[in-house]
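Trainee: Pasting the sequence and the predicted model now:
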Amino acid sequence: MPAMKDLIEKILKYLPQYFLDLGSVFLGPKRFIAAKNVDTDEAFGDACLFFGISMTLLFVLQAPRKPANEEFWSYAGAEFGSILIGLILAGGAMCVAWWVVGGRASGRSIFVTYMYVCATATGAGTLMGALSDGILKTGNRPLYDQIIASQKTGATLPGIGESFAAKTTMLVFVSGYVLGVIWFLIAWGAFRQVNGIGRLRSFLALTIWGILAIPMALAFRLIIAALTPD
């Protein structure tokens with residue numbers, strides 16, 4: 001199929017630039033977004049490609065943890081479907097939040113910014129999680145195996161334990177979470193930038209988005225439940 005061939009060629013051509021873009025977004029999200037004309041079809045296509053490659057790489061990294069009773073392709077389809085639904089709901093809620101406070105950005109501009117920020121934040125969080133898992137796996141293999149088994153079967157997670165490896169794992173996890181929140185607050189400035197509004201209304205938009213996250217999460221769970229086979 002010519003369309004599929006063109007898409008694969010485009011992905012392969014973009015891959016070297018992808019890692020440069022990933023580093024640029026991570027080190028300076030506001031600067032990266034400011035350098036782009038985010039309200040164009042080309043920018044939207046580039047953001048979709050960046051987001052898609054990011055989610056695919058993360059899926060590959062997390063695939064060994066898939067539930068033991070699920071076939072790979074059904075698991076992959078469900079994961080990518082949930083990612084797409086989450087993107088639409090979260091991005092839509094963000095558009096509403098900015099428009100309520102008088103933001104001037106188009107929905108396309110907000111979604112472009114969101115895809116870059118969300119993919120980068122998710123990737124950094126996954127790598128931080130892998131680091132904490134590696135510490136636990138190396139320092140306390142029995143506890144690590146119990147946690148992985150419980151995740152695959154849906155059983156209750158075991159206690160983290162009192163070993164040095166377990167405590168270090170928890171410290172790395174918590175530190176990563178705190179740093180992630182700080183990074184996201186910095187990245188929020190990119191949204192403020194494309195909307196052309198001040199810090200006070202930007203904070204209000206963040207608050208509104210946080211409130212909208214509650215019905216958004218409920219809608220996400222209901223949609224996933226409806227699409228999941230009995």
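Mentor: Cool, got the structure.

Trainee: helix, strand or coil for Arg104?
Mentor: Three-state call for Arg104 (DSSP: H, G, I helix; E, B strand; the rest coil): coil.

Trainee: hmm, which helix or strand of the chain has the shakiest average pLDDT?
Mentor: helix 141-153 (a mean of 69; mean pLDDT, DSSP states H and E).

Trainee: So for the spatially most central residue of the chain, what's the nearest residue that isn't a sequence neighbour?
Mentor: The centroid of the chain falls nearest to Thr122 when counting by Cα atoms, centre = their mean (3.3 Å). Among residues not flanking Thr122 along the chain, Leu58 sits closest, at 6.3 Å (Cβ to Cβ, 6 or more residues apart in numbering). Just so you know, the C-beta spots here come from the backbone N, C-alpha and C atoms, and that holds for glycine as well.

Trainee: How about Gly107?
Mentor: Cys95 (4.9 Å).

Trainee: returning to that earlier point: contacting residues around the residue nearest to the centre of the chain?
Mentor: Counting by Cβ atoms under 8 Å, 6 or more residues apart in numbering, Thr122 makes contact with 54-55, 58.

Trainee: Quickly find the element holding the residue nearest to Thr122.
Mentor: Assigned by DSSP states H and E, Leu58 falls within helix 41-62.

Trainee: Need the contact partners of that helix.
Mentor: 10-11, 14-15, 18, 21-22, 36-38, 76, 79-80, 83, 87, 108, 111-112, 115-116, 118-120, 122-123, 126, 130.

Trainee: what stretches of this structure score poorly on pLDDT?
Mentor: In the predicted model, the chain carries pLDDT under 70 at residues 1-5, 7, 63-70, 72-73, 75, 147-163, 229-230.

Trainee: all helices of it, in order?
Mentor: Ranges of helices in the chain, per DSSP state H, are 2-27, 29-34, 41-62, 72-100, 107-139, 141-153, 164-195, 199-227.

Trainee: Okay, buried residues for stretch 201-219 please.
Mentor: 201-202, 204-206, 208-209, 212-213, 216 (16 or more other Cβ atoms under 10 Å).

Trainee: Let's have those residues in a markdown table, adding distance to Asn195.
Mentor: Output for the buried residues of stretch 201-219, formatted as a markdown table (distance: Cβ to Cβ, whole Å):
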| residue | distance to Asn195 |
| --- | --- |
| Arg201 | 8 |
| Ser202 | 8 |
| Leu204 | 12 |
| Ala205 | 8 |
| Leu206 | 12 |
| Ile208 | 13 |
| Trp209 | 12 |
| Leu212 | 16 |
| Ala213 | 19 |
| Met216 | 20 |
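
Trainee: circling back to that earlier point, the helix holding Leu58 relative to helix 2-27, how many degrees between them?
Mentor: In terms of direction (axes from the mean of the first three to the mean of the last three Cα atoms, to 10 degrees), helix 41-62 departs from helix 2-27 by 80 degrees.
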